[in-house]
Each structure stands twice: as C-alpha cells, then as structure tokens.
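1. Here's a sequence, model it:
(chains A and B)
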Amino acid sequence: MSDLQARLTGVRGTLRFLGALVSTNLKASLALRGAFWARVFFMFVNNFIFLVMWWVFFERVDDVRGWKLADTAAVYGVAAGSFGLAVIFGNGVQYLARQIYEGDLDSVLSQPKSVLLSAITSHSEPAGWGDLFSAAVLFAVCGYVTPGLIPLCLVLCASGAILFLSTGVLISSTAFWLGNMQSISRQGFHFLVIFSVYPSTIFRGWLKVFLYSAIPAGFVTFLPVSLLREFSWLKFAAILGAAVVYAGIAVLVFTLGLRRYESGSRFGVRA
Amino acid sequence: MGGSIEVDGLRKVFQVREQGSGIKDALRYLFRPPTRDVVAVDGISFSIARGERVAFVGPNGAGKSTTIKMLTGILHPTAGEAHVLGLTPWKDRRALAYKLGTVFGQRTQLWYHLPARDTFRLLARIYDQDDAVHERRLGELVEAFALAPLLKKPVRQLSLGERMRCEIVASLLHKPEVLFLDEPTIGLDVTAKATIRDLIRDASVQDGSTVLLTSHDTGDMEHVCDRVIVINHGKLLLDQPVRELRRTYIRQKIVTLLTAEPRIELDLPGVTVRDRAPHRTVFEVDVSATPVERVVKAALELGRLRDLTVEDPPMEEIVKAIYARANP
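-> Reported below is the predicted structural model:
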C-alpha cells in the first residue's frame, strides 16, 4: 500500500470512528428520554428569556453605538448555534480537566485513536439541541439571514463550535501542569459564551484585542454577524483561519501535556 | 516461541504533592507545595514469551498497575526500556493498541446507559474492524461467554459479574495478541470469579494470546496462569512457575466454619485455629498434611455445619513468606 493510500485509509477509518462515536453518544443521551426533552425545552426557554430582556432594553434605547435588536438576535443565533454544536458533539471538553487531573484518560489511551478526539466526543449534552432550535428561530427573525445564507450560517456555527472546543481544550489542558482546573475550565468556557453575546460595539481598545486573542469571542460572533450583514472574503478567511489556528494550538498544548499525564485508580463508569 | 514482552530496568517515579494539616501548611501548599518522590516501579526486568500466561502479583501499591500502564503506553517511564511485540509502548502507542487488549477491573469501557452491543459496535470502528469480521468474531465470543441474554440490556442493569464478562469480550473483539488484565476479578463473588477465570484461560488458549494479569488474589494466579512474577515496593521479588510457588508458599488454605455448636475442635495434622468466635471458627490448613475435604468431613462428623468458606491466604502473607525465605 502506498503512503497516500495508507493515509486515505487512516482518514476514512477516523471518519467512520467519529461517525460511530457521535451516533453512540446521541443514543446515550436519548436513552434517558424524559431528561432529554426537559433539557432541550428549558434551554430553548432560557435563550428566549435573554432575548426578551434585550427586547425590553431596545424598546427604551434606540441603539448601542449602532447596535440594534436585530444584531443581538443574530449574535444570539450564532452563539447558540456554535455552543449547541460544541456541546452536542464535544461536551467531553467540559469534563476534560477533571479527566486529566483524576487520571481518567486510561481507557482512551489504550485505544488506537486520537486521545483528544475520543475524550471530547465522549459526552453529548442534550441541551445543545435546545440551542440549535433557538439558533434556527433567531436566524429566522433577525432579518439578516436569507435562505441563500443558510449554508454560511452553518459554516459560521461550525467554526464557532471549533473555537468553543479549542478554548475549552486549551484551558483544560493546563490541568496537566496545574492540577485541578475543572471549575476554572468550565468558567473559561462560559466566559467565552458571555462575551460572545454582548454588543460588539461596547468593546474598545485592549479589551477588543483581548476578545480577538485570549478569549476569541470576536471570531465566534462579532465577525460572523458583520459577515451576515455584509459578506467579505477577507472576514470569512479570518474566521476560518482563526478556527484552524486555535484548534492547532489546542491540539499542540494537549499533546505536550499528555506526556505529563499520570493515571489514577478511581473506580468509574462511562455515562 | 518468540518474545512477546521484554522489560529492562523499567522505573517510574511519581512526584507527589504533600499537604500538611495546619493552616500554615495549607497556605504554604497554596504557593509552594512541598513535593516528594514516590518510586512506584523500581528498575524491574523480565521477559514473557508469546502465548504465555503470567500473573503479576503483589499487595496493594506494589507497582503492578503502574507497570501494566507503562506496557500499554498509558504512562511514560522515568527510566528503562520495554518492548511489547517489538514496539516501544509509549512511543508506538497507537500502532501497538491494535494488537493489545486491556481490561482495567476498576474502570469500564462500556457505555453505562446503553446495551453492551452498542459499545461492541463502536469498538469495531475504533479498531477499524470490517463489519463481517466483527459479526463473526462477536458471534464466537457471545457463544463462548454466554452473552446472548445480556446483549440488549443497558449496562447499568447488569450485575458486576455480567459486566465483567462484557468487558472481557470488549477487550477480545479485535483478537489481540497480548491481553493485559488489571484486577479482572475485583469485587466479584466466588462463582463469578471462577467463571471469569475459566473464560480468560480458554480465550487465551484458543487465540494463542499472551496474558499478563495483575491481581492481589492468589486464586486468579492459580487458575489462569502458568507463571508468576511477584513484586513489592516496585521491585521484583520472585519469578517462577505457579506450581513451584504453590508448592513452596501456598500450602495453606483458610477454612472458615459456621456451626450450630458454639465451639468445635479438630485434631488433624497441619490444622491450626487462626481465629475463633462463638459458632465461628477459622482454621489454617496445611494442605500438604491434610486435604481440605478431610477437614470438612471431620467437621461434619463433629457437628452441624451452617456455612463454609475456603480461601487462599492473602497475598500480603505470601509476600511476607517470600521475604522471610529470602532474608532468613
């Protein structure tokens, strides 16, 4: 078998593995039917409570430095879509710091597939479906999304999901050096959500730099929403480039940290 | 037989953070935690031929699991070398994983809310197994392990013994050349232990696979393996055939009798009282002097037996005996 053929076989094997893992994951979250529907419903309601608050706000204030209710709906749409995809397919990232700290990666380390992919795709959060439904409704009502822009919305949500997961992996990987980082990694993950849904026009100077670097909220929602308003190849490339760069850094840091991994002996179950 | 596992001077040191008890220590721990080196594995060397079944035994904290984790590539060693099927585990982890099966008795690879069948299907993808090959292999294992009634039950509804049967099938699906079993019978009752031991041995004989089994249960070693390696405090204490260890160190059985009578006495050669309470007597039996069935027969002649257990001496006692023999 030539080198190229071997690589193609490897890629096909990885894709089939990911497909099987995602489907097993979905089956596991659907196994508890009542809890599944409750979480989907309450996440949907939760997202709209925030939107109603902004609606009340914009009833009294015309705009925030040019930012209107339609922009808020679009931002919530991209954020909910990205976060939904991230937690449906990669909610293991929210447990990663604990798995590292408690030495709980043994079972994925003894298998012949990527440890990071296996770890982050090992859990699915049903509430993510509530986020996805919210995103669909928000895109429909914001006024920026025409049917022709639906594929672009999907790409933007996918790149946002990669940015969410990369941020989660980066913060969680510090557990290899710093020990118990579980609550900090969760806070960091939700920090990104919070910054992603504020009007981008209120951020200036160093804070703006911060939101396009350490916490990539700018690439998750601000740039995507401006892209939905007015398409630009440069902005599109910047968004996809940021997703690739953040994912690359996350994989690198995780791989470096994995050499420091110390297995644990806790009794455990796979939920 | 070619070499399956070669280990040379393998060593693993963990750096452990130590927290004192007072508030001063707690503050110090916050900024500069004091650390201490703990040697888990201290330069052990051994080799295992293909198809051999070896028990890797020792008391808790002896370094058994750490060694297995280095041999599967989960942990990087501090020093030393190891080759499994010609590969260095921590460098060629993914390539080696296709040829290894692992069972960690304290962990599970089964999905808790799903039937085991779903995990088996996922494992076929993890090991890039062709669908037809997977179905054929699963069929063989389902028959051998009598899993048919369990395949559609969610794992959370299985007993520990049933779950362990599924775990072992999960580790054998890709027909591994080497099987690492870390405490596969931990927490199981006597019947389940016996079943699991038979299944592991039969599977290894049928597939010609090498088995390295860690346990602190001497029964696992006696029923599954031909050779035993004993370690304690990370050092290799003994490496010999099981029958020799049995002859030298496991001559005793612990027989506990619960009787209707408050007290019974047995006057048999090699039988001594180890512990006694009303209606309960624990005997230590030297089986080379008196076989267990003779003890039971004598007890039945003396009184009414309510319950009876026969156990091997704890691993700690065997290790003590090995120490005593090595350092008279």
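
2. As PDB, could you dump the C-alpha coordinates of the helix or strand containing B:Leu141?
-> Assigned by DSSP states H and E, B:Leu141 belongs to helix B:131-144. C-alpha atoms of helix B:131-144 as PDB (Å, rounded to 0.1, in the frame of the first residue of the first chain):
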ATOM      1  CA  ASP B 131     -18.300  -5.400   9.600                       C
ATOM      2  CA  ALA B 132     -18.400  -9.100   8.500                       C
ATOM      3  CA  VAL B 133     -15.200  -9.900  10.600                       C
ATOM      4  CA  HIS B 134     -16.700  -8.100  13.600                       C
ATOM      5  CA  GLU B 135     -20.000 -10.000  13.400                       C
ATOM      6  CA  ARG B 136     -18.300 -13.400  13.100                       C
ATOM      7  CA  ARG B 137     -15.900 -12.600  16.000                       C
ATOM      8  CA  LEU B 138     -18.700 -11.300  18.200                       C
ATOM      9  CA  GLY B 139     -20.800 -14.400  17.400                       C
ATOM     10  CA  GLU B 140     -17.900 -16.600  18.600                       C
ATOM     11  CA  LEU B 141     -17.400 -14.600  21.800                       C
ATOM     12  CA  VAL B 142     -21.100 -14.300  22.600                       C
ATOM     13  CA  GLU B 143     -21.400 -18.100  22.500                       C
ATOM     14  CA  ALA B 144     -18.200 -18.700  24.500                       C
END
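
3. Would you mark the buried spots in that helix?
-> For helix B:131-144, burial by neighbour count (16 or more other Cβ atoms under 10 Å in any protein chain shown) applies to B:134, B:137-138, B:140-142. All C-beta spots, glycine's among them, are computed from the backbone N, C-alpha and C.

4. Helix or strand: which one has the closest residue to B:Leu266 other than its chain neighbours?
-> With Cβ to Cβ, 6 or more residues apart in numbering or on different chains as the criterion, B:Leu266 has its nearest non-adjacent residue at 5.5 Å, and that residue is B:Ala298. In this assignment (DSSP H and E), B:Ala298 forms part of helix B:292-302.

5. So which residues make contact with stretch B:148-161?
-> Applying Cβ atoms under 8 Å, 6 or more residues apart in numbering or on different chains, the contact partners of stretch B:148-161 are A:31, B:108, B:110-117, B:119, B:142, B:162-163, B:165-166, B:187-189, B:191-192, B:195-196.

6. which among the residues you listed end up buried?
-> Listed as buried from the contacts of stretch B:148-161 are A:31, B:108, B:110-117, B:119, B:142, B:162-163, B:165-166, B:188, B:192, B:195-196; burial here means 16+ other Cβ under 10 Å.

7. what's the burial count for the residue nearest to B:Leu266?
-> Close neighbours of B:Ala298, defined as other Cβ atoms under 10 Å in any protein chain shown, add up to 16.

8. if I look at it, how far off is chain A?
-> Applying Cβ to the nearest Cβ, to the nearest Å, the value for B:Ala298 to chain A is 41 Å.

9. Would you agree B:Ser123 is in contact with B:Lys175?
-> One thing to correct before we go on: residue B:123 is Leu, not Ser. No - contact criterion Cβ atoms under 8 Å: B:Leu123 and B:Lys175 do not qualify, at 11.9 Å.

10. more crowded one of these two?
-> Comparing B:Leu123 with B:Lys175 by other Cβ under 10 Å, the one with more neighbours is B:Leu123, at 21 against 17.

11. show me the contacts for that one.
-> Residues in contact with B:Leu123, defined by Cβ under 8 Å, 6+ apart, are B:109, B:129, B:170, B:173-174.

12. now do 10 Å
-> Taking Cβ atoms under 10 Å, 6 or more residues apart in numbering or on different chains as the contact definition, B:Leu123 lies against A:20, A:111, B:109-110, B:129, B:134, B:138, B:169-171, B:173-174.

13. A:Thr72 now?
-> The neighbours of A:Thr72, taking Cβ under 10 Å, 6+ apart as the test, are A:50-51, A:53-55, A:57-58, A:64, A:138, A:142, A:197-199, A:225.

14. Just want the most central residue of chain B.
-> B:Ser215 (2.6 Å; Cα atoms, centre = their mean).

15. Against chain A, how distant is that one?
-> Taken as Cβ to the nearest Cβ, the span from B:Ser215 to chain A is 14 Å.

16. Also B:Ile68?
-> Using Cβ to the nearest Cβ, one obtains 10 Å as the distance from B:Ile68 to chain A.

17. and that residue, what are its phi and psi?
-> phi -60, psi -40 (degrees, to the nearest 10).

18. Could you do the one 4 residues further on as well?
-> For B:Thr72, the backbone dihedrals (degrees, to the nearest 10) come out as phi -100, psi 0.

19. any idea what sits nearest it, other than its immediate chain neighbours?
-> Counting by Cβ to Cβ, 6+ apart, the residue nearest B:Thr72 is A:Ser110, at 5.2 Å.

20. Check whether the one you found really touches B:Tyr127, as I assumed.
-> No - here A:Ser110 lies out of contact with B:Tyr127, judged by Cβ atoms under 10 Å, at a distance of 11.5 Å.

21. shared neighbours, those two?
-> Contact with both A:Ser110 and B:Tyr127 is made by residues B:97, B:101, according to Cβ under 10 Å, 6+ apart.
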